[in-house]
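**Q** can you look at this prediction? I've put the sequence above it.
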Amino acid sequence: MDAREMALRQAYGHAVRWLASLSDRRVPARASVEEIVRELGAELPDGPSKAADVVDLLATACEPGLTAFPSGRFYGFVVGGTEPAALAADWLVSAWDQNCVMRAVSPAYAAAEEIAGAWLLDLLGLPSDSAVGFTTGATMANFTCLAAGRDAVLRRSGWNVAHDGLVGGPAVRVIAGEDRHMAIDLALRYLGLGKPELVKADGQGRIEPGALRHALAAGGQGPTIVILQAGDIHSGAFDPFAEAIGAAREADAWVHVDGAFGLWAAASPMYAHLMAGCSYADSWATDAHKTLNVPYDCGLAIVRDPFAIRAAMGLQGDYLIQDEQGDPIDKVPELSRRGRAFTVWAALRSLGRSGVADLVEGLCRHASAFATGIAGIDGATVLNDVVFTQVCAEFGDEERTERVLTRLLDDGTAWISGSTWHGRRVMRISVSNWSTTDDDVTRALDAIRRAHRSA
């Protein structure tokens, strides 16, 4: 064996052992940053080391400091696992090491992107001629879609932002519900648009169409973007798309939907009703490394008008071998060039249409089991009015809720994060891992009950 094969074999062995440990290991990491630094060695060696030895040191030194994100008992942040075919495809992506920016340079990637994009549009019930870009995550997917929207509404007002920049041009109004995700604010900051103008949302985070209509009318005419969401990060709630988009259309606004995990409801016959009217928007952002469970990182930027995304993101250069049909680089920020479509294709091909629906419905079933189990605990309150994949709960007062969260982390059976929602400290459970089982949920609920008793 040459050095490369020996290193890969070493990595394979460690990877298999790590994956085999997930069903039983404590979810939180067991070692601190300082401890891992000591094990890795802070001093750069004077001479070379064998590749296999380096891999072995990395794996053994870091293993105690790994959080079991891929475990079926991790319920923090909306972190998915890795579906088997997608994990294996990701290994190939690293081995192939393609620069996936142009059709001429990597036709294999362009083909996978073309097929995966078409499958995604079909599954999500979105216009079949939309452009699909593969980004680093939902934040950059939001950025990409909002860049397309910003440039498009300015073009309608006679301003070419690509040529003239933002200074001196018409002000772009951006309107969002008051419970929008913080990634929206970040994307808007990147785009030079500042904080959005917020309108009232209901107790579950759904934008109120009447408040939106009033805000649009009060602001007068001018370039406007309206941002809606599919899946509130706390409640999992979906905006009333038909009414909200109807109001935005009357004001000639661009409508963008942030659907980091919730957009996948459209792939399930049981939950597709939550997405009613969503397909009438102009752009949509979601993650594949959440609900679809491909490896980190992979977001999806979907824009109804392919010209709009290419006008905002397209890159030209004399040395580039560009295709008249368009290239992957024309739909995403230039540095988003890793072969993400390979892993998405693998996940979709492995699961099939029914498998994606089963995945979404399985996540929702486990979330419902959490809601039912917590509702049966004395003093506990589930705050969702409808359960998708998110569950928010509180245990009496804020101090007790915080104690329950602390006891849970100490217990180590499951990782469940806390948050502040509408000014209250809450437990937030995100079910997003394909490998979560009924037993995982039962064990996590038992840990919640233990934490509640000891709090």
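**A** Arrived safely.
**Q** and the strands in the protein, which stretches?
**A** 131-135, 173-177, 197-199, 224-229, 254-258, 283-287, 299-303, 380-382, 390-395, 417-421, 424-430 (DSSP state E).
**Q** so which of these gets nearest Gly246?
**A** Closest to Gly246 of the strands of the chain is strand 254-258 (C-beta to C-beta; 9.9 Å). Where C-beta positions appear, they are placed from N, C-alpha and C, glycine not excepted.
**Q** pull the CA atoms of the closest one into CSV?
**A** Taking Å, rounded to 0.1, in the frame of the first residue of the first chain, the C-alpha atoms of strand 254-258 are listed here in CSV:
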residue,chain,number,x,y,z
TRP,A,254,-40.3,40.3,-4.6
VAL,A,255,-41.3,37.5,-2.2
HIS,A,256,-38.6,35.3,-0.6
VAL,A,257,-39.3,32.3,1.6
ASP,A,258,-36.8,31.2,4.3
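**Q** Arg38: which of the strands of the chain is closest?
**A** Checking the strands of the chain against Arg38 by C-beta to C-beta gives strand 417-421 as the closest, at 28.4 Å.
**Q** residue closest to the middle of this protein?
**A** Among the residues of the chain, the one closest to the centroid is Asp287, at 3.5 Å (C-alpha atoms, centre = their mean).
**Q** give the contact list for that one.
**A** If a contact means C-beta atoms under 8 Å, 6 or more residues apart in numbering, then Asp287 has Gly80, Gly137, Ala138, Ala141, Ala260, Phe261, Cys298, Gly299, Leu300 as its contacts.
**Q** pretty sure the fourth one contacts Thr135?
**A** Yes: between Ala141 and Thr135 there is a contact under C-beta atoms under 8 Å: 4.7 Å.
**Q** identify the contacts common to these two.
**A** If you check Ala141 and Thr135 against C-beta under 8 Å, 6+ apart, the residues they both contact are Gly299, Leu300, Ala301.
**Q** re earlier: now the residue nearest to the residue nearest to the centre of the chain when sequence neighbours are not counted: how far from Gly72?
**A** In space, and not counting its chain neighbours, Asp287 is closest to Ala138: 4.6 Å by C-beta to C-beta, 6 or more residues apart in numbering. Distance, Ala138 to Gly72, using C-beta to C-beta, to the nearest Å: 23 Å.
**Q** these two: who's more crowded?
**A** More crowded of Ala138 and Gly72, by other C-beta atoms under 10 Å: Ala138, with 29 against 24.
**Q** against Thr144, how distant is that one?
**A** Look at Ala138 and Thr144: by C-beta to C-beta, they are 10 Å apart.
**Q** now swap in Leu198 and tell me
**A** 23 Å.
**Q** comparing these two, which residue is more hemmed in?
**A** In terms of neighbours (other C-beta under 10 Å), Thr144 is the more surrounded of Leu198 and Thr144; the figures are 28 against 16.
**Q** list the residues that contact that one.
**A** Contact analysis of Thr144 by C-beta under 8 Å, 6+ apart lists Gly133, Thr135, Ala285, Ala301, Val303, Ile309, Ala312, Met313, Lys331, Val332, Pro333.
**Q** ok, the nearest residue to the fifth one once chain neighbours are set aside - how many residues close by?
**A** Spatial nearest neighbour of Val303, chain neighbours left out: Ile309 (4.0 Å); criterion: C-beta to C-beta, 6+ apart. Other residues near Ile309 come to 29 when the count uses other C-beta under 10 Å.
**Q** what score does Ile309 have for pLDDT?
**A** Looking at Ile309, its pLDDT is 97.
**Q** wait, it touches Pro328, no?
**A** No: using C-beta under 8 Å, Ile309 is not in contact with Pro328; the gap is 11.6 Å.
**Q** common neighbours of those two, please.
**A** Residues touching both Ile309 and Pro328 comprise Gly133, with contact defined as C-beta under 8 Å, 6+ apart.
**Q** mutual contacts of Ala138 and Thr144, please.
**A** With C-beta under 8 Å, 6+ apart as the test, Ala138 and Thr144 both reach Ala285.
**Q** can I see the domain layout of this protein?
**A** According to automatic domain parsing, the chain comprises the domains 3-68, 88-347, 353-454.
**Q** in the protein, where is pLDDT below threshold?
**A** Residue ranges of the chain with pLDDT under 70: 318-319, 323, 334-337.
**Q** tell me the contacts of Val21?
**A** Careful, residue 21 is Ser and not Val. Ser21 neighbours (C-beta under 8 Å, 6+ apart): Ala68.
**Q** returning to what we had before: what's the closest of the contacts of Asp287 to Asp411?
**A** When those are compared for distance to Asp411 (C-beta to C-beta), Gly80 wins out at 23.0 Å.
**Q** tell me, how many residues neighbour that closest one?
**A** Neighbours of Gly80 (other C-beta under 10 Å): 29.
**Q** next one: Gly158
**A** Using other C-beta under 10 Å: Gly158 sits among 9 other residues.
**Q** do the same with Ile245
**A** A count of nearby residues for Ile245, using other C-beta under 10 Å, gives 24.
**Q** repeat that for Gly423.
**A** Using other C-beta under 10 Å: Gly423 sits among 6 other residues.
**Q** for the one 3 residues further on, same thing?
**A** Applying other C-beta under 10 Å, we find 22 residues neighbouring Val426.
**Q** try Tyr296
**A** The tally of other residues near Tyr296 (other C-beta under 10 Å) stands at 15.
**Q** mind listing what the nearest residue to it once chain neighbours are set aside touches?
**A** Leaving aside its sequence neighbours, Tyr296 sits nearest to His289 (C-beta to C-beta, 6+ apart; 4.9 Å). Shown in contact with His289 (C-beta under 8 Å, 6+ apart): Gly80, Gly137, Pro295, Tyr296, Asp297, Cys298, Gly299.
**Q** any idea how far the second one lies from Ala260?
**A** As judged by C-beta to C-beta, Gly137 and Ala260 stand 8 Å apart.
**Q** follow-up on the earlier one: out of the shared contacts of Ala141 and Thr135, which comes closest to Val153?
**A** Nearest to Val153, judged by C-beta to C-beta, of those is Ala301 at 17.2 Å.
**Q** list the contacts of that closest one.
**A** Contacts of Ala301 by C-beta under 8 Å, 6+ apart are 132-135, 140-142, 144-145, 283, 285, 309, 331-332.
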